[in-house]
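Q: Show me how the following folds:
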Amino acid sequence: MPTEEDLVPRVDPEAVPSDTLTVLGRVPAGATREEAVAHLREAARLVRRRDIQMIRASGLGHVGGEFSVIDILITLYLDAMNMSPELLGDPDRDRFILSKGHAAAALYTTLAIAGFLPPEQLGTFMQPLSQLNGHPARTKIAAVEASTGPLGHGLPVAVGTAFAGQLDGSPRRTFVVTGDGELQEGSNWEALMTAGNHRLSHLCVVVDRNRLQQGARVADTNDLEPLADKLRAFNLEVVEVDGHDHGALLDVFANVPAASGKPTAVIAHTIKGHPISFMSDNVAWHHKVPSAEQVAQALAELEA
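A: Just a heads-up that it's a prediction; the model follows:
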């Protein structure tokens, strides 16, 4: 008999509300730290609301890992990065690559609330011929810097992007988010060795350290510890941070490039499914579609 986790609900197009997501845009210029954090917190709440509705509507998605990374995405796009819809053609804009490309719904919703995508387009997620695939595609969305999804792929692309910026003498920075389970791929460590060797100071690698991967805990599959020591051994400047603390993330990203001249590695300690009670730190929510009742409960918790 199949378990509840094996059952995929039917597509439920009515799960995405007819109203459009509010485009909050970047933190206003001159905002105090408290105002900036409040802006980011509200944006993250709205993104989580729409994300889980999109997963329910499409019958597909990776909502647990999306909820663990949303605060990082929001902080980068709405404040930390030199990036806006008006700067898409600027060669000196900062770059972002989502190596854990299966968290695509979180990226699309973040792009919409930041003004890069029409919010109404979110209702097409995973539909035939939609630009919003299950993994982000560079050929479909101008704001997507690289097509990702094969794990171990995005970080090497980001290293090449940062290397190009160094050769150009550009001030642009390259940010890449990788899952911690993804670091079991050897291609990532080859890329990190290259980044450290060439002192790609404008590269920032963010590890979404939620300690869960598909089907199991990372430590039970192939333990990464001591992760910080390993990254330092590859000549990276390592910072550990609460990945759900917008203020702490702002401080970390403001210090890229590091004074040491090394690439920066941010170990962002997160919780899969955060902050929803029945999803948090639950491996079943790596790839699982919520029921209508679970969506309602999650929305109520986000309101609270």
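
Q: What is the subsequent helix or strand relative to the helix or strand that contains Asp229?
A: Take DSSP states H and E as the rule and Asp229 turns out to sit in helix 227-233. Moving toward the C-terminus from helix 227-233, the next helix or strand (DSSP H and E) is strand 237-242.

Q: Residues contacting that next one, please?
A: 228, 231-232, 248-249, 252, 255, 258, 260, 262-269 (C-beta atoms under 8 Å, 6 or more residues apart in numbering). Any C-beta I mention is one placed from the backbone N, CA and C, and that applies to glycine too.

Q: Next step: those residues restricted to helices.
A: Counting by DSSP state H, the part of the contacts of strand 237-242 found in helices is 228, 231-232, 248-249, 252.

Q: Next, format these as a markdown table and append pLDDT.
A: Output for these, formatted as a markdown table (pLDDT from 0 to 100):
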| residue | pLDDT |
| --- | --- |
| Ala228 | 98 |
| Leu231 | 98 |
| Arg232 | 98 |
| Ala248 | 98 |
| Leu249 | 98 |
| Val252 | 98 |
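
Q: For the helix holding Asp229, name the packing helices and strands.
A: strand 237-242, strand 264-269 (3 or more C-beta pairs under 8 Å, 6 or more residues apart in numbering; DSSP states H and E).

Q: The biggest helix by length in the chain packs against which elements?
A: Secondary structure of the chain per DSSP H: the longest helix is helix 33-58. Packing partners of helix 33-58 (3+ C-beta pairs under 8 Å, 6+ apart): helix 63-75, helix 104-113, helix 246-254, helix 292-303.

Q: and the contacts of strand 237-242, which are buried?
A: Neighbour-count burial (16 or more other C-beta atoms under 10 Å) is assigned, among the contacts of strand 237-242, to 228, 231, 248-249, 252, 258, 262-269.

Q: Can you tell me which of those is nearest Val207?
A: Val207 lies nearest to Ile267 out of these, by C-beta to C-beta, at 5.1 Å.

Q: What residues sit buried inside the longest helix of the chain?
A: For helix 33-58, by 16+ other C-beta under 10 Å, it's 36-37, 39-40, 43-44, 46-58.

Q: Equivalent analysis for stretch 280-293, please.
A: For stretch 280-293, by 16+ other C-beta under 10 Å, it's 280-290.

Q: Could you export those to CSV, including columns for secondary structure, pLDDT and distance to Leu98?
A: Output for the buried residues of stretch 280-293, formatted as CSV (DSSP: H, G, I helix; E, B strand; the rest coil; pLDDT from 0 to 100; distance: C-beta to C-beta, whole Å):
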residue, secondary structure, pLDDT, distance to Leu98
Ser280, coil, 98, 22
Asp281, coil, 97, 22
Asn282, coil, 96, 22
Val283, helix, 95, 21
Ala284, helix, 94, 23
Trp285, helix, 95, 19
His286, coil, 93, 16
His287, coil, 90, 17
Lys288, coil, 92, 20
Val289, coil, 94, 21
Pro290, coil, 95, 22
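
Q: Run through the stretch 51-200 of the chain and note the low-pLDDT ranges.
A: The model of the stretch 51-200 of the chain has no residue with pLDDT under 70.

Q: doesn't Cys204 make contact with Val256?
A: Yes - look at Val256 against Cys204 with C-beta atoms under 8 Å: they come within range, at 4.6 Å.

Q: list the residues that contact both of these two?
A: 173, 175, 264.

Q: Tell me what the second one is bridged to.
A: Translated: Phe175. Beta bridges link Phe175 to Phe96, Cys204 when assigned by DSSP bridges.

Q: Next up, the contacts around it.
A: Contacts of Phe175 (C-beta under 8 Å, 6+ apart): 76, 80-81, 94-97, 158, 204, 206, 253, 256.

Q: Contacts only, for the closest residue in space to Thr264 that isn't next to it in sequence.
A: Ranked by C-beta to C-beta, 6 or more residues apart in numbering and with sequence neighbours excluded, the top spatial neighbour of Thr264 is Cys204, at 4.5 Å. Applying C-beta under 8 Å, 6+ apart to Cys204 gives the contacts 173-176, 253, 256, 263-266.

Q: pLDDT value on Cys204, please?
A: With respect to pLDDT, Cys204 scores 99.

Q: try Pro2
A: 42.

Q: swap in Ala15?
A: So, for Ala15, pLDDT stands at 72.

Q: do the one 3 residues further on as well
A: Ser18 is assigned 60 on the pLDDT scale.

Q: from here on, count from 34
A: Right, with 34 as the first residue, what we last looked at is Ser51.

Q: just to revisit the earlier point, now render the contacts of Phe208 as TSV, adding distance to Gly182.
A: What follows is the contacts of Phe208, written out as TSV (distance: C-beta to C-beta, whole Å):
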residue	distance to Gly182
Leu109	20
Ala113	24
Met114	22
Asp127	22
Arg128	18
Phe129	15
Ile130	12
Ala191	14
Cys237	21
Val239	18
Phe286	25
Val289	25
